[in-house]
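Undergrad: Coordinates for the following, if possible.
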Amino acid sequence: MSPLEESPFSVSIADNVQKIREGIRQAALRVGRDPSSVQLVAATKTVSTSLLIESYEAGVRIFGENRLQEAQEKILAVGPRQGLAWHFIGRMQSRKIKNIVGKFALLHSVESVEQARTIHAIAEKLGIQQSILLEVNVGGEATKGGFACNDIRDAIDQIDRLPHVAIQGLMTLPPFSNHPDDARPYFAELRQLRESLAQGNLTHGGVKELSMGMSHDYQVAIEEGATIVRVGTAIFGKRG
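TA: Below you'll find the predicted structure:
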């Protein structure tokens, strides 16, 4: 089914968005944080355009896409709307980077210095500065991309020399578990890494953002310092 067609399931998007907003508020307050310091990104892979628009009308303003072609279709179908921003949250294939740079406000999954240099070269040709997050493989999983924790400082030093790339922070996907609290040590590790890096003086950005936490563990992520949570299923329901 095309993401531009109607979805086969029926959910109350407005109610779900309200529940997520309340979950964000409660999680932030539990650890003495300002709830407004947490951005909600609606993860919209395979979600129909009609449901995406419904979530916009319910107050969601940032949408995260994993697949370039699907994102291109949706961006065209939804059109420009006040406050609307698109993030690319999936793994970036080398041959598609040229079509990603400049189309998204933030790229969540930069996983190598080489990839950052490619983004920089394209952004330079476009005359823009592309904001990025660096993906950190905190679980050391062979099936996932990203920087090792021990390599991230050197990577940042190299990437920060690229004027058309702006490092905004870090992103991680911890090893999956059905128990949200199992992710806590990984989230805490990324926060501690961010805190150690934030003492540096970056020229073109700053290690401020922490993109971590999804539908089942976003509250734990917020308790551990997430500033961006990527929520899909809890808003749109299970997808096939």
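Undergrad: ok, now which ones touch the closest residue to residue 110 other than its chain neighbours?
TA: Leaving aside its sequence neighbours, residue 110 sits nearest to residue 132 (CB to CB, 6 or more residues apart in numbering; 4.7 Å). Any C-beta I mention is one placed from the backbone N, CA and C, and that applies to glycine too. Going by CB atoms under 8 Å, 6 or more residues apart in numbering, residue 132 touches 106-107, 110, 116, 119, 165-168.
Undergrad: wait, is residue 132 part of a strand?
TA: Yes - assessed with DSSP: H, G, I helix; E, B strand; the rest coil, residue 132 lies in a strand.
Undergrad: change the start of the numbering to 779 and stick with it
TA: Let's use 779 as the start, then, which means that last one is residue 910.
Undergrad: What segments of the chain are strands?
TA: 817-821, 840-843, 863-866, 884-888, 908-913, 943-949, 987-989, 1006-1009 (DSSP state E).
Undergrad: Let's have the ones you listed in CSV, adding distance to residue 925 and mean pLDDT.
TA: Formatted as CSV, the strands of the chain follow (distance: least, CB to CB, whole Å; pLDDT from 0 to 100):
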stretch, distance to residue 925, mean pLDDT
strand 817-821, 21, 98
strand 840-843, 20, 98
strand 863-866, 18, 98
strand 884-888, 9, 97
strand 908-913, 6, 97
strand 943-949, 9, 96
strand 987-989, 14, 97
strand 1006-1009, 18, 98
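Undergrad: any chance of those in a markdown table, plus distance to residue 855?
TA: Listed next are these as a markdown table, based on distance: least, CB to CB, whole Å:
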| stretch | distance to residue 855 |
| --- | --- |
| strand 817-821 | 15 |
| strand 840-843 | 12 |
| strand 863-866 | 12 |
| strand 884-888 | 21 |
| strand 908-913 | 24 |
| strand 943-949 | 27 |
| strand 987-989 | 25 |
| strand 1006-1009 | 21 |
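Undergrad: quick one, which of the ones you listed is nearest to residue 929?
TA: strand 908-913 (10.1 Å; CB to CB).
Undergrad: and the angle from the closest one to strand 884-888?
TA: Interaxial angle, strand 908-913 versus strand 884-888 (axes from the mean of the first three to the mean of the last three CA atoms, to 10 degrees): 40 degrees.
Undergrad: Poorly predicted segments of the protein, please.
TA: Along the chain, the model assigns pLDDT under 70 to residues 779-789, 977-983, 1018.
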